[in-house]
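Novice: Got a sequence here, can you build the structure:
(one chain, ligands or ions: 2)
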Amino acid sequence: TGSTRPQRILRAVQKNATRGDPCSVVKAIDDYCRHKEWAMNVGDEKGCIVDSVVSEVKPTAVLELGTYCAYSTVRIASLLSPNAKLITLEFNSDYAAIAREVIAWAGLQDKIQLVEGASGEWIPRLKEEFGIETFDLIFLDHWKDRYLPDTKLLEKCGLLRPGTVLLADNVICPGTPDYLDYVRNSQQYKSKFFKSHLEYTQEEDGLEKSVFLG
Ligand SMILES: O=C(NCCCCCn1ccc2cnccc21)c1cc(-c2ccc(F)cc2)cc(O)c1O
Ligand SMILES: [Mg+2]
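Specialist: Ligands and ions are numbered 1, 2, ... in the order given. Have a look, this model is predicted:
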């Protein structure tokens, strides 16, 4: 049996990136996925928008929903202050295993906690299991039909505070219409769309940045 796409991405990182150098890990994945085979990383174009939001928010507590091969995990964590922490949730255990190796190659295992499981099951447990009060930044990049229910669950669990930023990938492609409708029409959010393209393609996509107002 052959290798999987995540395994080939990890191999490209181990071949082309420098241990302990997150930027080289990000570049190795982008080069592989742009020139060899497409994969659902947020990618370099949308990644620059993610970078600018992280730099503006300066979060100390970050939640990522959807790790995949840890491309955005590494990209975000590399911008965090020394005491900041990132919790990333991955449902697929094969993806999680690869992600752990990519995170280790980047040398970011002390900043990142990878949790395996479903958002609906884990969000209610985050406060107790990880001593989290509220998150400063949440990156939504998991099942597109879970963005809205999980946002409501995060509200219900008291994991948002006035000023918490939700940054959502793929709001155009594959699309998250019910989530967009909610954050753009709710009095509890100030929402802004960042037009971009689907990773490594010319297809339209974008990120939605929504500030929770409380
Ligand atoms: O599906 C996408 N991502 C989600 C993957 C599965 C997440 C599973 N998961 C992880 C944590 C977690 C916690 N709870 C429950 C489930 C959970 C995705 C797809 C495309 C895409 C694909 C084909 C195409 F033609 C165009 C676009 C592009 C993207 O950028 C994407 O992100
Ligand atoms: Mg995505």
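Novice: looking at this, residue 37 is in a helix?
Specialist: No: following the definition DSSP: H, G, I helix; E, B strand; the rest coil, residue 37 is coil and is not counted among the residues of a helix.
Novice: which phi and psi does it have?
Specialist: The phi and psi torsions at residue 37 (degrees, to the nearest 10) take the values phi -150, psi 130.
Novice: pLDDT score assigned to it?
Specialist: Listed pLDDT for residue 37 reads 98.
Novice: Apart from its neighbours in sequence, what residue is nearest it?
Specialist: Closest residue to residue 37 in three dimensions, ignoring its sequence neighbours and counting by C-beta to C-beta, 6 or more residues apart in numbering: residue 5, at 6.4 Å. C-betas here are computed from N, CA, C, even on glycine.
Novice: How about residue 153?
Specialist: Among residues not flanking residue 153 along the chain, residue 123 sits closest, at 5.0 Å (C-beta to C-beta, 6+ apart).
Novice: Can you give me the neighbour number for that neighbour?
Specialist: By the measure other C-beta atoms under 10 Å, the count of residues near residue 123 is 21.
Novice: any idea how far residue 32 is from it?
Specialist: When distance is defined by C-beta to C-beta, to the nearest Å, residue 123 is 32 Å away from residue 32.
Novice: need the residues of this protein near ligand 1, please.
Specialist: Within the chain, the positions near ligand 1 by C-beta under 6 Å from any ligand atom are 40, 65-66, 89-92, 118-119, 141-143, 146, 169-170, 173-174, 198-199.
Novice: Could you rerun that using 8 Å?
Specialist: For the chain, the residues found near ligand 1 under the criterion C-beta under 8 Å from any ligand atom are 40-43, 65-68, 89-92, 95, 117-122, 141-144, 146, 150, 169-170, 173-174, 198-199, 203, 205.
Novice: which stretches of this protein form helices?
Specialist: Under the criterion DSSP state H, the chain carries helices at the ranges 5-16, 22-35, 43-57, 71-77, 93-106, 119-122, 126-130, 147-156, 177-185.
Novice: need those helices in JSON lines with distance to residue 209 and mean neighbour count, can you?
Specialist: JSON lines is the format used below for the helices of the chain (distance: least, C-beta to C-beta, whole Å; neighbours: other C-beta atoms under 10 Å):
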{"stretch": "helix 5-16", "distance to residue 209": "27", "mean neighbour count": "18"}
{"stretch": "helix 22-35", "distance to residue 209": "21", "mean neighbour count": "19"}
{"stretch": "helix 43-57", "distance to residue 209": "6", "mean neighbour count": "18"}
{"stretch": "helix 71-77", "distance to residue 209": "14", "mean neighbour count": "27"}
{"stretch": "helix 93-106", "distance to residue 209": "24", "mean neighbour count": "20"}
{"stretch": "helix 119-122", "distance to residue 209": "20", "mean neighbour count": "16"}
{"stretch": "helix 126-130", "distance to residue 209": "22", "mean neighbour count": "13"}
{"stretch": "helix 147-156", "distance to residue 209": "13", "mean neighbour count": "18"}
{"stretch": "helix 177-185", "distance to residue 209": "9", "mean neighbour count": "16"}
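Novice: Reformat these as JSON lines; add distance to residue 137.
Specialist: Compiled in JSON lines, the helices of the chain are given as follows (distance: least, C-beta to C-beta, whole Å):
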{"stretch": "helix 5-16", "distance to residue 137": "25"}
{"stretch": "helix 22-35", "distance to residue 137": "17"}
{"stretch": "helix 43-57", "distance to residue 137": "5"}
{"stretch": "helix 71-77", "distance to residue 137": "8"}
{"stretch": "helix 93-106", "distance to residue 137": "18"}
{"stretch": "helix 119-122", "distance to residue 137": "16"}
{"stretch": "helix 126-130", "distance to residue 137": "14"}
{"stretch": "helix 147-156", "distance to residue 137": "12"}
{"stretch": "helix 177-185", "distance to residue 137": "15"}
